[in-house]
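# after the sequence you'll find the predicted model.
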Amino acid sequence: MRRTHRPATLDDALDMLAAGDATPLAGGTDVYPAVAQAQAWAEPARLGGGDLVDLCGLAELRGIAERDSVYELGAGVTWSELIAAALPPCFDGLKLAAREIGGRQIQNQGTLAGNLCNASPAADGVPALLALDARVRLQSRGGTRELPLTDFIAGVRETALRPDEIMTTILVPKLPEAARANFLKLGARRYLVISIAMVSAVVVPSTDGGVEDLRVAVGACSAVAQRLRALEARAVGKPVASLASLTTADDFSELTPITDARADADYRREAALVLTRRVLAALSESGLSEVAA
Amino acid sequence: MTAYPLPKTDRADEERPRIAFTLNGQAVSLEADPGRRTSELLREDLGLTGTKVGCDAGDCGACTVLLDGQQVCACLTPAARLDGAELVTVEGLAGEPRFAKLQAAFQAGGAVQCGICTPGMLMAAAELLDRNPAPDQVAVEEALGGVLCRCTGYKKIVTSVLAAAASQPVEVEPDGAVGQRFTRPDAVAKTEGSALYGADGAPADALWLRVLRSPHPHAEFRLGNLDTVILRHPGLVSILTAQDIQGTNGFGIYPDVKDQPVLAEGYVRYRGEAVLALVGTAEVVAAVTWQDIPVTWSILPVCDSPAAALAPDAPVFHVKHSENILIEGLVERGDAAVAETADLAVEGAWSTSFVEHAYIEPEAGWARPLPDGGVEVAVTTQTPYMDRDEVALVLGIAPERVRIRPTVCGGGFGGKLDHSVAPVVAVAAKKLGRAVRCTYSRGESMAATTKRHPAEMTARLTAKGDGTLLSFDFSGDFDTGAYASWGPTVAGRVPVHASGPYRVPRVRAKSRAIYTNNPPSGAFRGFGVPQAALVHEGLMDALAQRLRIDPLELRLKNALRVGDSTPTGQVLEHSVGLVDCLQALKPRWAALRAEADDFNRTAAHERMGLGVACMWYGCGNTALSNPSSMRVALSRDGRVTLYNGAQEIGQGSSIVMQQILAETLGIEAQRIDVTTSDTDLTLDAGKTSASRQTFVSGRATQLAGEALKAQLRRIANAGEDAEVRFHDSAIEVTEPGNRRRIDLAALPAIPGQDGEVAEGVGSFDPPTTSLDAQGQGTAYATYAFGAQIAQLTVDLELGTVTVQRIVAAHDVGRAINPDLVEGQIHGGIAQGLGMALMEEYLPGRTENLHDYLIPTVGDMPEIETLLIESPEPLGPFGAKGVGEPALVPTAPAIVGAIDDATGARLTRLPALPHRVLAALKAKQ
């Protein structure tokens, strides 16, 4: 029988993980379903080994802090805490994604770090954080390291997290005030739905209405959500108002969508393009209105 | 998984720390495994079973509770997180006036049907009202978006939350006469969390049973020595196999087809088939995996479609059916193949998917041995009497020694017409001499139990140039899966209905139910008629397009009317309200058409479309006897008891019977007590299926009431036309020149019936005939008719469909309780919308409620209901059924509206976005 420990401090938790053979438990929105799935078929649960270490009581993982150049989002911040947080408009894409995660129950329970560490190709939080150039801080008894999110998620359910590590913080570099963000998710029903495809984008407009910086990320269309680097590079210097017209089918050539029960691969590729265009079109409008103001 | 409690023994104290928290305002402290699901802790350790478990995966929201004011899924919340926290469950709502008004609004607003989602809905709404005391509809939908409901279509839940927020006074009609919106009495227990469902009321000392299921769709297996497994697992009491079945190791709907083993005998025909059953403590039966069981599997070739099963070299799954054809159905009138006078013909092919019932209550129940060698089974079911006979057959004992006591049923829709837990818990209880309980996990419920038949259908419709229909030629293959279940019913019902509710002089309709290695297909709201309706409505749309006739007018022109013959040669003499339904829709059709035209003039990447679809549905069994009997008794204290064997499954049959009896006796419904189905206490009222309870059991109830009045007239020595009036302690019987008052206290009691002084028994069997080789005869005593308009938008770039509105007109004969009728229509539309747009069960792939999608509150369109009352003389006060009819036209109306919007004709359901987009491209 798997046991569950509830460490009082981060150090205690790190000690438990260092002792070996333990699996971190955060919001529980992935761990408990995995247990249920395994029990239905009388299989051992496909979780990490050993006991569960419940991280939810750890004060060190809570809260959102503004530093000089970054926002530090605690790994244990829940999606509804994020939605309620006073954050600049560049977080709007992430907040929109948060509202699309599960139902409100899941938003109240699921954590930012859990979404990243579970590393589902359809993780709703990933594209928006990729578009924010997020980094993650990982801590073990041996020390602390930081990785770009792009390097952290390695594949389907694969991450760079070592068994003795805990993700403590998600770091989002500050952007100019004028930066705007957006997110669109496509699923076959309104709530509680796993994405067929999703797109998030952040644009930093220049004072003359041009694109200073653009980041676009597509989720659920490859093993790991991907940034559209070619499109991003091409957009720099172009008018923000023209963003939606910049996309071409070639921008999506590096996606490797799969066919599954939700959609086929060709559809996903096409949907990614449509969603990207719409996300950018909405950003052009909001970006322009900001400049005009 | 289910709520398996941990044993209280052999655990070190540090592993079960003390957890102290506030529960519904009271301080609570107990020892618990810190990782235990809060849902289990509440239900099994604290006995608070109001928090329901539907999935254990955060997919359904039934277990929603408030943790420090936030709605969370109790199934995903480790017990340790309760420490120092404040927890509110449904049991705590009544104590808080601001929450109690939600309960009252749900009760009065028709928000409660089966009630299994009700606690979760209430808790989600409670969080909302605390955050936002004056929410709008969008805010309500966002707050409830995480709770699934399969009965109500959400509409009355949303309006009830809004009503509670506005503190609208609760209004209910006074006396429960026929035609009134009388509040269902069971809504109180269901909103308070005290209603006991299949998983709720087992004795504390019951052992737990868990079925281990085949992971392979087709295989032979050999089990090794299981005694060593028991020795290695303290707490494991027994492992049941096929050898433990003392009677017949087979069950099935038809007397001659008991083809599904309770536990497999060395051979499995589908993934999810029951192989053995573990019995012991909750913890141990949850912990044993297949890795612990000595078993050798020999994998066999798999036929996962009718085409594969019909191939000449396909393996044979049942020796009696050498071609894997379970049964064929036929209705033939005239020569449909030849349509020499036809001006034109339209034809097509359609296919549908497995659809899962997805009731939020998984199958559950418990059994205990009786002193006389019999067994008592409490189980969530739609069919207590059939359960009794089947359990008796499996146990090898007389039916009278089996007592079925149905629990409150958390949704059925046909899925609980088949056996699930009842036979195996009965076998275990009898063998072990102890109470044994079992609750299916969601995964088991989805993989092991029945589905809607996938259908492959082709048809050809011919007509004259003016739109008059001439012939209809239909052929459908239905994947009946590994076992027969209700396959014969589907194969029999489809040909009768295949040509739709239209005048068609020549019809040939053939059906086949084909065995495969898929899960058994069984009964699901409509028995194949929803699938067939896609075909007849698709062809009507195609014909309308070819002829450039308005689709509604074409239907009106050909609609069945009183005096018409059906394809089985049955002349419809009464209650054919289809024309009235279509006429009622016409103004809305025109107005919505104008709306769509306006929209399409300006919309960029969306198009709006309209579809209309008709249905008909025979109430009751197809050409078979299906009687119901009811007993009514009058007590000395003046109260009336209805012994009601018609199983309530959330649709409201209990209150329907109560209102019918109240009207029959001329008393207030509040004076009637209802003893609900129990095979020892109530008479056989048949199955809750085929939209038969209001019509058949309702009529039996009316007759029982009349019989009671007749007995009272005899007691009074009055003639048969004398009026009978019920007073508190007396009966008054009046006829011209004679008025008698009978003091109830003076009457002798009926022997064996405590305090009952008079009774009436009523039976009704709707008159039908058997069908001949050509399917000719009186298939049903009456038919329900209906028509719906769907208004929707299609995103031309993404293929997504948003249904804006359904206008539903249904001829129900007489609405005994309009609130309940609307509830059935809303819920039927929700299921029809799911079937049209998102529901696709794929064995091994969509075996949970996050991969298998049913509509959420945010997917529901606006619904307008138009109740048409074309009285059926055989029905109680003119009533007939509506449960299944409501679902039938929705999917075809949606498919028609997609076509109308875009020109893309969907012939494969569900119309997932990628299929719609592919159809849009195919058209170009």
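Received it, and whenever you're ready, just let me know what you need.
# low-confidence stretches in chain A?
Within chain A, the stretches with pLDDT under 70 are A:1, A:287-293.
# the strands in it, which residues?
Assigned by DSSP state E, chain A shows strands spanning A:4-5, A:22-25, A:51-54, A:64-66, A:70-74, A:135-140, A:143-148, A:153-155, A:158-159, A:166-173, A:180-186, A:197-205, A:211-219, A:226-227.
# looking at the ones you listed, which is buried most?
For these, average neighbour numbers computed from mean count of other Cβ atoms under 10 Å in any protein chain shown are highest in strand A:197-205, which has a mean of 28. No exception for glycine: its C-beta is placed from N, CA and C like everyone else's.
# so how far is that one off the chain centroid?
Taking Cα atoms, centre = their mean, to the nearest Å, one finds the center of strand A:197-205 at 13 Å from the center of the full chain.
# the residue of chain A found nearest chain B: neighbouring residues, count only.
Relative to chain B, the nearest point of chain A is A:Gly103 (1.7 Å; Cβ to the nearest Cβ). A:Gly103: 27 surrounding residues under other Cβ atoms under 10 Å in any protein chain shown.
# picking up where we left off before, of all the strands of chain A, which one is nearest B:Ala139?
strand A:180-186 (19.8 Å; Cβ to Cβ).
# counting contacts, what elements does the closest one pack onto?
When contacts are defined as 3 or more Cβ pairs under 8 Å, 6 or more residues apart in numbering or on different chains; DSSP states H and E, strand A:180-186 packs onto helix A:92-99, helix A:125-131, strand A:197-205, helix A:265-292.
# quick one: which helix or strand includes the closest residue to chain A within the stretch 51-200 of chain B?
For the stretch 51-200 of chain B, the residue closest to chain A is B:Gly146, as judged by Cβ to the nearest Cβ, at 1.7 Å. Here B:Gly146 is covered by no helix or strand, with elements defined by DSSP states H and E.
# could I get the buried residue list for stretch B:31-38?
For stretch B:31-38, a neighbour-count test (16 or more other Cβ atoms under 10 Å in any protein chain shown) marks B:32-38 as buried.
# and B:Ala836, what does it touch?
Counting by Cβ atoms under 8 Å, 6 or more residues apart in numbering or on different chains, B:Ala836 makes contact with B:890-891, B:894-895, B:909-911.
# so which of these are in helices?
Among the contacts of B:Ala836, the members found in helices (DSSP state H) are B:890-891, B:894-895.
# okay, those in a markdown table with neighbour count next?
Shown next, in a markdown table, are the ones in helices among the contacts of B:Ala836 (neighbours: other Cβ atoms under 10 Å in any protein chain shown):
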| residue | neighbour count |
| --- | --- |
| B:Thr890 | 31 |
| B:Ala891 | 32 |
| B:Ile894 | 31 |
| B:Val895 | 28 |
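# just the CA atoms of stretch B:706-720, as CSV, please.
Only the C-alpha atoms of stretch B:706-720 are listed here, as CSV (Å, rounded to 0.1, in the frame of the first residue of the first chain):
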residue,chain,number,x,y,z
GLU,B,706,-60.9,2.8,-9.7
ALA,B,707,-60.9,-0.7,-8.2
LEU,B,708,-60.5,0.8,-4.7
LYS,B,709,-63.4,3.1,-5.4
ALA,B,710,-65.4,0.1,-6.6
GLN,B,711,-64.7,-1.8,-3.4
LEU,B,712,-65.8,1.2,-1.4
ARG,B,713,-69.1,1.4,-3.4
ARG,B,714,-69.7,-2.3,-2.6
ILE,B,715,-69.0,-1.7,1.0
ALA,B,716,-71.6,1.1,0.8
ASN,B,717,-74.0,-1.0,-1.2
ALA,B,718,-74.0,1.6,-3.8
GLY,B,719,-74.2,1.4,-7.5
GLU,B,720,-71.3,1.5,-9.8
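# quick one: contacts of it?
Around stretch B:706-720, the neighbours that count as contacts under Cβ under 8 Å, 6+ apart are B:632-634, B:640, B:664-665, B:722, B:724, B:731, B:733-735, B:738, B:740, B:742, B:747, B:758-762.
# please redo it, this time with the cut-off set to 7 Å
B:632, B:634, B:664-665, B:722, B:724, B:731, B:733, B:735, B:738, B:740, B:742, B:758-762 (Cβ atoms under 7 Å, 6 or more residues apart in numbering or on different chains).
# please apply the same query to stretch B:751-767.
The contact list for stretch B:751-767 (Cβ under 7 Å, 6+ apart) reads B:620, B:625-636, B:696, B:699-708, B:710-712, B:715, B:744, B:747-750, B:781, B:874.
# neighbours around the residue of the stretch 801-924 of chain B found nearest chain A, how many?
Using Cβ to the nearest Cβ, B:Gly858 is the residue of the stretch 801-924 of chain B that sits closest to chain A, at 2.9 Å. Residues lying near B:Gly858 (other Cβ under 10 Å) number 17.
# so it touches A:Gly187, yeah?
No. B:Gly858 is beyond contact range of A:Gly187, at 10.8 Å (criterion: Cβ atoms under 7 Å).
# check B:Ser485 and give its pLDDT.
pLDDT, B:Ser485: 97.
# now do the contacts for B:Asp541.
Contact analysis of B:Asp541 by Cβ under 7 Å, 6+ apart lists B:551, B:896, B:899.
# swap in 6 Å and give it another go.
Applying Cβ atoms under 6 Å, 6 or more residues apart in numbering or on different chains, we find B:Asp541 in contact with B:551, B:896.
# B:Val88 now?
With Cβ under 6 Å, 6+ apart, B:Val88 has these contacts: B:24, B:66.
# which pLDDT value goes with it?
Note on B:Val88: pLDDT of 98.
# beta partners for it?
Counting by DSSP bridges, B:Val88 is bridged to B:Leu66.
# sorry, back to before: compare the helices and strands packed on strand A:180-186 and give me the one nearest A:Ala38.
Here helix A:125-131 is closest among those (Cβ to Cβ), at 24.9 Å.
# quick one on the thing from earlier: what about chain A: which of the contacts of B:Ala836 touch it?
Contacts with chain A are made by none of the contacts of B:Ala836, judged by Cβ under 6 Å from any Cβ of the partner chain.
# can you list the domain ranges for chain A.
Listed by automatic domain parsing, the domain ranges of chain A are A:4-43+A:61-173, A:180-292.
# I figured A:Gln107 hits A:Ser80, correct?
Yes. Taking contacts as Cβ atoms under 6 Å, A:Gln107 lies within contact range of A:Ser80: 4.4 Å.
# the more surrounded of these two?
Taking other Cβ under 10 Å, A:Gln107 and A:Ser80 do not tie; A:Gln107 has more neighbours (25 against 20).
# give the contact list for the more buried one.
A:79-80, A:101.
# again, but for A:Cys90
A:175, A:179, A:181, A:202.
# point to the residue nearest the middle of the chain.
The chain I'm using is chain A. The centroid of chain A falls nearest to A:Val126 when counting by Cα atoms, centre = their mean (2.1 Å).
# chain B, not that one
Most central in chain B (Cα atoms, centre = their mean) works out to B:Phe413, at 1.5 Å.
# what residue ranges in chain B are flagged as low confidence?
Using pLDDT under 70, the flagged stretches of chain B are B:1-14, B:172-173, B:338-340.
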